[in-house]
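S.K.: Structure for the following, please:
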Amino acid sequence: MLRRGNYKTKALFAFVVSFALIGVYSCTKASSDQINSGTASTTSPIPAFNVTVNGTDPGSWTVTGSVSSGFIIIDGSAPGGVTVGLQISATSTGTYKLGSSSGNSGVYGTSGPTTSYGTTGKSPYTGTLLISAYNSTTKLISGTFSFEAQKNYPDTLGVVKVAGGSFSNVSW
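M.R.: Predicted structure coming up:
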């Protein structure tokens, strides 16, 4: 009798372990074809942000998006307190002027020492933003940008060139 009980315990244990292993090893990552065809559940796309400042890429950018006073705000941050930001009144894909009377702007700043630069709308302190993807339902935006900005803190002596900027899948 004792041996038979042992057998049942061992059989139950083997069944549970087998079931768990089958569950673990049968889970596979969805291929991009499955995701694109809609046959697998998807998560939100990963946002990305890249740019060079005066010809240098600080690297390891993080990006956030938000809305303030009707403007979409996109802020990229790099190690060392470097930030590049865009303020845009976009409602669709297209080309937008930064530093325009519509309030669209580009900014650059550092936190150590604290400096701030911005597009002014006066030549050459302007820029261009091309929005390549805009989805008001999912609130995701992607695009490219460049601008030249004038220093405005702690003084007005200085210029920064922001080039090769891109952002993708930024949620606002």
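S.K.: Quick one, grab the pLDDT at the residue lying closest to residue 121 once chain neighbours are set aside.
M.R.: The shortest distance from residue 121 to any non-neighbouring residue, by CB to CB, 6 or more residues apart in numbering, is to residue 99 (4.0 Å). (Each C-beta comes from the backbone N, C-alpha and C, glycine too.) Here, the pLDDT recorded for residue 99 equals 93.
S.K.: Spit out the contact partners of residue 99.
M.R.: 105-106, 118-122, 125-127, 147 (CB atoms under 8 Å, 6 or more residues apart in numbering).
S.K.: repeat that for 6 Å
M.R.: 105, 119-121, 125-126 (CB atoms under 6 Å, 6 or more residues apart in numbering).
S.K.: Ok, residue 78 next?
M.R.: 58, 60-61.
S.K.: Could you report the separation of the nearest residue to it once chain neighbours are set aside from residue 83?
M.R.: Spatial nearest neighbour of residue 78, chain neighbours left out: residue 58 (3.6 Å); criterion: CB to CB, 6+ apart. With distances taken as CB to CB, to the nearest Å, residue 58 is found 10 Å from residue 83.
S.K.: what does residue 151 give?
M.R.: 15 Å.
S.K.: Please apply the same query to residue 46.
M.R.: 20 Å.
S.K.: Who has more neighbours out of these two?
M.R.: For residue 46 versus residue 83, neighbours defined as other CB atoms under 10 Å are more numerous around residue 83 (16 against 7).
S.K.: Which helix or which strand is home to that one?
M.R.: Using DSSP states H and E, residue 83 sits within strand 82-88.
S.K.: Equivalent analysis for residue 129, please.
M.R.: strand 127-135.
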